[in-house]
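Participant: Below is the structure, and that's it, no one-letter string:
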Ligand code: SF4
Ligand code: SF4
């Protein structure tokens, strides 16, 4: 009984043991693998990342220059970022937030249409 009362008094006057999430967040540790992204303007759509991905999370459409990742299949092994010849894949610390539906991340190269000269 005495031990419990001592504990209650101690807890009343000490700082909270947990953070007030989401108002207080913790910095990510260095080199944390949270999520994968690709720069569509640097990527050459060679398909190497798709071939090497162990969980078949990446799909590359060479013809239409579209790179897609299913973040719910990705196991964040980092192989795609290591083998990418253009180093266009980045591993971010920020993790994939919970969502109500399984959304894929799609990256597509911007197509710059040249104005045709009728001169
Ligand atoms: S390996 Fe790199 S350059 Fe090739 S498709 Fe994947 S992200 Fe693009
Ligand atoms: S990190 Fe690994 S599992 Fe995730 S997309 Fe890249 S190769 Fe696939």
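Facilitator: Perfect, I can see it now. Please read all numbers here as calculations on a predicted model, not as lab measurements. Residues are numbered from 1 along each chain as shown. Ligands and ions are numbered 1, 2, ... in the order given.

Participant: So for the helix or strand that residue 107 is a member of, what gets flagged as buried?
Facilitator: Residue 107 belongs to strand 105-108 when elements are defined using DSSP states H and E. Within strand 105-108, the residues scored as buried using 16 or more other Cβ atoms under 10 Å are 105, 107. Backbone N, C-alpha and C define where each C-beta goes, glycine included.

Participant: hmm, it in reach of ligand 2?
Facilitator: No: Strand 105-108 does not reach ligand 2 (Cβ under 6 Å from any ligand atom); its nearest approach is 10.2 Å.

Participant: Packing partners of that strand?
Facilitator: Judged by 3 or more Cβ pairs under 8 Å, 6 or more residues apart in numbering; DSSP states H and E, strand 105-108 is in contact with strand 35-38, strand 66-69.

Participant: List the strands paired with the first one, with their directions.
Facilitator: Based on DSSP bridges, the strands next to strand 35-38 in the sheet, each with its direction, are strand 89-92 (antiparallel).

Participant: circling back: got the helices and strands packed on strand 105-108 as TSV, with distance to ligand 1 columns?
Facilitator: What follows is those, written out as TSV (distance: least, Cβ to the nearest ligand atom, whole Å):
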stretch	distance to ligand 1
strand 35-38	5
strand 66-69	6
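
Participant: Mean neighbour count added to the ones you listed, as CSV?
Facilitator: Formatted as CSV, the helices and strands packed on strand 105-108 follow (neighbours: other Cβ atoms under 10 Å):
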stretch, mean neighbour count
strand 35-38, 20
strand 66-69, 20
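
Participant: Quick check: bridge partners of the spatially most central residue of the chain?
Facilitator: Geometric centre of the chain, nearest residue: residue 35, 1.8 Å, by Cα atoms, centre = their mean. On the basis of DSSP bridges, residue 35 is bridged to residue 92.

Participant: This completes my enquiry, with thanks.
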